[in-house]
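Chemist: Fold the following for me, if possible:
(2 chains)
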Amino acid sequence: MRPPRAAVWLLCLTLPGDARASIPGDLEEEYAAIALRSRWRAQLWYWVQAVRLVVRFGAFAVWRAVRERVSRSPSTFRSRKDGLMATLLRDLRYAMRSLRRSPAFALTAILTIALGIGAATAVFSVVYGVLLKPFDYEDPDRLAVVWTASESFPQSWLSGPEFAFLRDNAQTISSGAVLWPEFYTLTDTGPAEQLRGGDVSPELFELLGERAALGRTLQAGDDAGGERVVVLSDAFWRTRFGGERAVLGRALTLDGQPHTVVGVMPPDFVLWLPEDGLFHERPDLWLPLRLEDWQSRDNHSLLGLVRLRDGVGWDAFTSELASFSEAYREGNIGAVPVTFRFQPENLRADVVAEARPVLVALLGAVGFVLLLVCANVANLLLARAGERTGEVAVRSAVGAGRGALVRQLLAESLAISLLGGALGTLIGWSALSLMVRLAPPDLPRLTELTLAVPVLGFAALVSVLTAALFGVAPAIHASRASVGTLVRTGGRGASASRERMRHRSALVVGQFAFAFVLLISAVLLIRSFVALSRVDPGFTPDGVLTMQVRLPQQAYPDNRTRIDRFVLPATAELASLPGVRSAGVVSALPFTADFRGGSVWTERDDGTPIPMRPVDIRFADGGYFDAMSATLVAGRLFDSRDQADASAGLIVNDVFAATAWPGQDPIGRRVAQDSGMAEVRQVIGVVRHINHYGLDEDPRVQLYFPAPVSMPPLMSFTIAFAGPPQPVADAARAAIQRIDPQLAVTRVTTMRQLVDASLSTGRFQTTLFTAFGAIALCLAAVGIYGVIAFGVNHRRREFGVRLALGATSGDVQRMVVGSGIRMAGLGLGIGLIGALVASRLLEQFLFGIRPTDVTVLLGVGLALGLVALLAAWLPARRATRSGPLAALRSD
Amino acid sequence: MVNHSLGEFEQLVLLAILHVRDGAYAVPVRRVIEERTGRPVTRGALYTALERLDAKGLVRSKLGESTPERGGRPKRYFRVTAEGRAALRHSHATLTNMWHGLESELGRTS
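Modeler: Numbering: from 1, shown residues only, chains lettered A, B, ... in the order given. Okay, here's the model as predicted:
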């Protein structure tokens, strides 16, 4: 448990001498004590202390410097007896003084840099922490996930035989393990509690290179059928057993079976696995998986993890898997589809696969912001260099060497970058914690994010380089010109200044182009988010409470027991609660990771069976459709007629009906779960498609079996209620425990919350893009205002002459504003090309709007044009407000 | 001898160092002040006061051993110099003189 590295680094940078070592040591000592209670709080505490100390020592250094200055006369030029450090400090001090004299410039420059560094650092930190940082496992890049793929099921987990085949034959892997996410009901003490975890191959921990913190991990042989053992996670051990070491050897009753605790994993152990919501939350415990229980070739429920043998490259591994795919197909002809193959993925790439596109898009956006920032700083410094040509000339006239002058200007740029960088670090840090709070909960690796120091350094370097380049280059240029000319013209009218104006105008054009691209992206995402939020998911999410129950195998061994002893009494009990309109049950709730898919068969008019796959298979009762306010398209819902196995019908969705029997009446058609059409049921009703994975999903083929006839052990209740949800939730939980006090009720939430959670990725991305767009707009406005205002100041005399010769103030204003509009227009033109490219890249995130939406392009262009108009008009008005005489006298 | 007049906080820091005796570094010094005065002491104030006292020659410091719980960073031990002790005595005497004759009005302090 180390304190935040960025904070330590900040401290070491600012503290003087001995303090650099001893003070961070003191802090770390106290940090360790706080971190024992809460790691999060300790991190925060360390940061607060570090910042306070930096401020305090900064003030202390200034106080000392001031005292020194009183005793020694200040000089801006380096005298020979001073050391390099002393000179640098003096230059910095002088730079601070000169920055204080132009606070508007200093503040704008510092804030701009801080914004750029802060935004870039925060986004880069997330990208690094989520996408790039290797896992903490031993040699993590040799870990791979193996999927299977075939035409009908493009991505499935493994079946037991497939895994055994791989493990026993593959030469390129050193070991393999499979996992099955599982819930267990703990019934030792107090009310029943549902625990989450997994049955895992006992070799899993050795495969990852992970050791137990206490006792041992699971190990080969634990699945041999002897004593049942279990390994606990650190969090579960602490909350449930108070971190007691005596937990080893203790018996836990899980699903009615005694298990012995043999080990506890360390607190930083996380099992990172792809895709499944069940795995992302930290599990409570792990049990050994017995591969003998998984002999079905069709049950693809095991997640397979393998480690590549040392010295084996990824190519060798994939080509061996390809040849294995063939061998496996040939060994199982008829039972395995001809398109079957094993498909490997790098573990880390697979875990972050879903997060990657969103983060890459954000990275692009923040890159643009950084470019805008650099343009703005360059612009400001060029303007400042122009203002100071006279000063530079005078200084070199009284004997300052070129080196001294350049050093001076460099010091000023450096001071700006350092202050901006310090502020940027703070902004980056708070932006990062804001992003973490805003981030969608299914973004993996969120909890381990820290400010990435290398990234901070990179952003700081970029801004320092920008500042140095644009702060010093013009100065060198100016000091080369003849002193006489410069002094005579007072730094105005020289050709160097016209060239500078050209550079500055080019920068403004660039800024508008970047801002246009960012704003277009932001507006497209906002429009798409709004469109997504308005999608009708096929049910009404408001006023529906849900809760999940899992029936343990021990107490409910078969389908009939589950239905008679639990499903029927529970739904009846829930429906009769006060405030409840209707209640139902379903095997897989929409907007959760619950899922069951498979194949069914139906038949043509001539009786030939046609396979339907993949089909989302659900088990539900009539109350489910009622509570969810699903739309009945044809026929009827389940009712008392569907209680008996023999006569019960089934319900399909409109997509199923349109696919299987296009243009025909679906009611009365026969559907079976086998190709022989042995166990057939008749379609009694058609409901509209209900979104399952999200608001943006394409219509899926869905089928509902009657819950009163068959129901798997894991189910969710849907309860339509009126009034506040909490009392209903409490009453419902009590009702279920009245039926069976041994049952644990989990995932109590409303459908509205589940739907909202599914929008969180979009919300995250849209919010950040909007923030970047707003920053871009501000920077572009500041840029154009600065250039026009400077130009106006410069041409005061010219305007005076024009006014005196009869031009109206309107003419002059039009001229000034016109030049601003030209710059903005050119920028928008260039930006349009960029925006078209960028929106094409954004297309995968867009929903319900085309990337080339004309109203968005026109609207954003118009808005930016208006901003340019306003930013140009303000200085233009000032130019003409004082009459011609004042303007002419202005020297 | 230069006669340093000490600020109140400087006196607290010097006295705390003397209380801790051997092994006085910032963490226990701060704890002693907080315990005995009952008021919170910010680290920044303590560190800058120590720097100031060091600059005035009232304390001397040396870097000591480093331990793993400190991330391998050394402790900086402080001791009060003869000058520091003299300054403390001087401050105490000044205060006592000022108190003299006011005991009945302000009451005994301890």
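
Chemist: quick one: low-confidence parts of the chain?
Modeler: With no chain named, the answer covers chain A. A:1, A:59-85, A:189, A:275-281, A:389, A:470, A:472-497, A:882-891 (pLDDT under 70).

Chemist: wrong chain, I was asking about chain B
Modeler: B:1-4, B:108-110.

Chemist: residue ranges of the strands in it, please?
Modeler: B:59-66, B:74-80 (DSSP state E).

Chemist: any idea which of those is most buried?
Modeler: strand B:74-80 (a mean of 20; mean count of other Cβ atoms under 10 Å in any protein chain shown). (Glycine included, C-beta is placed from N, CA and C.)

Chemist: Quickly run through the sheet partners of that one, with directions.
Modeler: Take DSSP bridges as the rule and strand B:74-80 pairs in its sheet with strand B:59-66 (antiparallel).

Chemist: Could you give the separation of the partner strand from the chain centroid?
Modeler: 16 Å (Cα atoms, centre = their mean, to the nearest Å).

Chemist: do stretch A:766-783 as well
Modeler: Counting by Cα atoms, centre = their mean, stretch A:766-783 comes out at 20 Å from the chain centroid.

Chemist: From the rest of the structure, what touches stretch A:455-469?
Modeler: A:6, A:109, A:113, A:116-117, A:120-121, A:124-125, A:128, A:370, A:373-374, A:377-378, A:381, A:410, A:413-414, A:416-417, A:420-421, A:424-425, A:428 (Cβ atoms under 8 Å, 6 or more residues apart in numbering or on different chains).

Chemist: Now with 6 Å, please.
Modeler: Stretch A:455-469 is contacted by residues A:113, A:117, A:120-121, A:124-125, A:374, A:377-378, A:413, A:416-417, A:421 when judged by Cβ atoms under 6 Å, 6 or more residues apart in numbering or on different chains.

Chemist: okay if I get those as JSON lines plus neighbour count and distance to chain B?
Modeler: Shown next, in JSON lines, are these (neighbours: other Cβ atoms under 10 Å in any protein chain shown; distance: Cβ to the nearest Cβ, whole Å):
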{"residue": "A:Ile113", "neighbour count": "30", "distance to chain B": "26"}
{"residue": "A:Ile117", "neighbour count": "29", "distance to chain B": "25"}
{"residue": "A:Ala120", "neighbour count": "26", "distance to chain B": "29"}
{"residue": "A:Thr121", "neighbour count": "29", "distance to chain B": "24"}
{"residue": "A:Phe124", "neighbour count": "25", "distance to chain B": "26"}
{"residue": "A:Ser125", "neighbour count": "25", "distance to chain B": "22"}
{"residue": "A:Cys374", "neighbour count": "22", "distance to chain B": "35"}
{"residue": "A:Val377", "neighbour count": "28", "distance to chain B": "31"}
{"residue": "A:Ala378", "neighbour count": "21", "distance to chain B": "37"}
{"residue": "A:Ser413", "neighbour count": "25", "distance to chain B": "29"}
{"residue": "A:Ile416", "neighbour count": "27", "distance to chain B": "26"}
{"residue": "A:Ser417", "neighbour count": "26", "distance to chain B": "25"}
{"residue": "A:Gly421", "neighbour count": "23", "distance to chain B": "21"}
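
Chemist: Which stretches in the stretch 351-500 of chain A count as helices?
Modeler: Ranges of helices in the stretch 351-500 of chain A, per DSSP state H, counting those that start in this stretch, are A:356-387, A:389-397, A:402-438, A:453-480, A:483-489, A:495-533.

Chemist: got JSON lines for those helices, with distance to A:Gly311 too?
Modeler: Below are the helices of the stretch 351-500 of chain A laid out as JSON lines (distance: least, Cβ to Cβ, whole Å):
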{"stretch": "helix A:356-387", "distance to A:Gly311": "29"}
{"stretch": "helix A:389-397", "distance to A:Gly311": "63"}
{"stretch": "helix A:402-438", "distance to A:Gly311": "39"}
{"stretch": "helix A:453-480", "distance to A:Gly311": "30"}
{"stretch": "helix A:483-489", "distance to A:Gly311": "69"}
{"stretch": "helix A:495-533", "distance to A:Gly311": "45"}
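
Chemist: tally of neighbours for A:Val199?
Modeler: In this structure residue A:199 is Asp, not Val. 19 (other Cβ atoms under 10 Å in any protein chain shown).

Chemist: Whatever helix or strand it lives in: how far from the chain's middle?
Modeler: In this structure, A:Asp199 sits in strand A:193-200 according to DSSP states H and E. On the basis of Cα atoms, centre = their mean, strand A:193-200 sits 27 Å off its chain's mean C-alpha point.

Chemist: before we move on, what about stretch A:17-31?
Modeler: Worked out by Cα atoms, centre = their mean, stretch A:17-31 lies 35 Å from the chain centre.

Chemist: Which residues does that stretch contact?
Modeler: With contacts defined as Cβ under 6 Å, 6+ apart, stretch A:17-31 is touched by A:3, A:8, A:11-12, A:15, A:42, A:46, A:49, B:26-27, B:69-71, B:73-74, B:76.

Chemist: Just the buried ones from those?
Modeler: When those are checked for burial by 16 or more other Cβ atoms under 10 Å in any protein chain shown, the buried set is A:3, A:8, A:11, A:15, A:42, A:46, A:49, B:26-27, B:70-71, B:73-74, B:76.

Chemist: Show me what the longest helix along chain B packs onto, helices and strands only.
Modeler: In chain B, taking DSSP state H as the definition, the longest helix is helix B:82-99. If you count contacts as 3 or more Cβ pairs under 6 Å, 6 or more residues apart in numbering or on different chains; DSSP states H and E, helix B:82-99 packs onto helix B:8-20.

Chemist: got the angle for the helix it packs on vs helix B:82-99?
Modeler: Relative orientation of helix B:8-20 versus helix B:82-99 (axes from the mean of the first three to the mean of the last three Cα atoms, to 10 degrees): 120 degrees.

Chemist: Dihedrals phi and psi, A:Gly334?
Modeler: For A:Gly334, the backbone dihedrals (degrees, to the nearest 10) come out as phi 90, psi -30.

Chemist: Kindly provide the distance from it to chain B.
Modeler: According to Cβ to the nearest Cβ, to the nearest Å, A:Gly334 and chain B sit 64 Å apart.
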